[in-house]
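Engineer: 3D, please:
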Amino acid sequence: MDIARIAPRIKLSLQSQSRQDSAVFGSGVAQLCRGVEQWGSLNRAAKEMNMAYSKAWRIMKHTEASFGIQLLERNGAHGSILTSEGALLLHAYDELQQRVALYAEKQLEEILKNRQP
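Structural biologist: Next comes the predicted model:
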């Protein structure tokens, strides 16, 4: 394989500094939030991820409790929308993910260039 075709893969997650539990805002929670943003429904977001609604609900409730913020505003049978805090956290996560990925790509390129035989 051509070493120039190797790229870093970064798995980013955010964790509450004040809590010592395992809840994180990572790619799965971000994907659920994007689905809610797109379809206006946690149930639909879960289905699109091949996830049971009950599991998606537990994940979101656990993340909300751990972070001490409400991510979703639930409207019963009318679906859900992201709260302003949920939208801000999703935007921050996506922006940070992009910045970290770009930084890692540049660093790998520099490391490989400086270490070539």
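Engineer: use CA for all of it now, contacts and neighbours both
Structural biologist: Will do.
Engineer: Tell me where this structure has helices.
Structural biologist: With helices called from DSSP state H, the chain shows them at 27-39, 42-48, 53-67, 84-114.
Engineer: I'd like those written out as JSON lines, with mean neighbour count added.
Structural biologist: Formatted as JSON lines, those follow (neighbours: other CA atoms under 10 Å):
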{"stretch": "helix 27-39", "mean neighbour count": "19"}
{"stretch": "helix 42-48", "mean neighbour count": "20"}
{"stretch": "helix 53-67", "mean neighbour count": "16"}
{"stretch": "helix 84-114", "mean neighbour count": "15"}
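Engineer: who wins for proximity to residue 3 among these?
Structural biologist: helix 84-114 (8.4 Å; CA to CA).
Engineer: And the closest residue to residue 7 other than its chain neighbours, what's its pLDDT?
Structural biologist: Spatial nearest neighbour of residue 7, excluding adjacent residues (CA to CA, 6 or more residues apart in numbering): residue 105 at 6.5 Å. Looking at residue 105, its pLDDT is 94.
Engineer: roughly how far apart are residue 97 and residue 10?
Structural biologist: According to CA to CA, to the nearest Å, residue 97 stands 8 Å off from residue 10.
Engineer: Can you list the low-confidence ranges for this structure?
Structural biologist: Along the chain, segments meeting pLDDT under 70 span 1, 19-21, 23, 116-117.
Engineer: 50 instead?
Structural biologist: Within the chain, the set of residues satisfying pLDDT under 50 is empty.
Engineer: any residues touching stretch 2-22, and which ones?
Structural biologist: Here stretch 2-22 makes contact (CA atoms under 8 Å, 6 or more residues apart in numbering) with 23-27, 66-67, 93, 97, 100-101, 104-105, 108.
Engineer: Check the separation of the first and last residues in that stretch.
Structural biologist: OK, stretch 2-22 end separation, CA to CA: 38 Å.
Engineer: buried residues in it?
Structural biologist: 13, 15 (16 or more other CA atoms under 10 Å).
Engineer: Kindly report the same for stretch 72-81.
Structural biologist: 72, 79-81.
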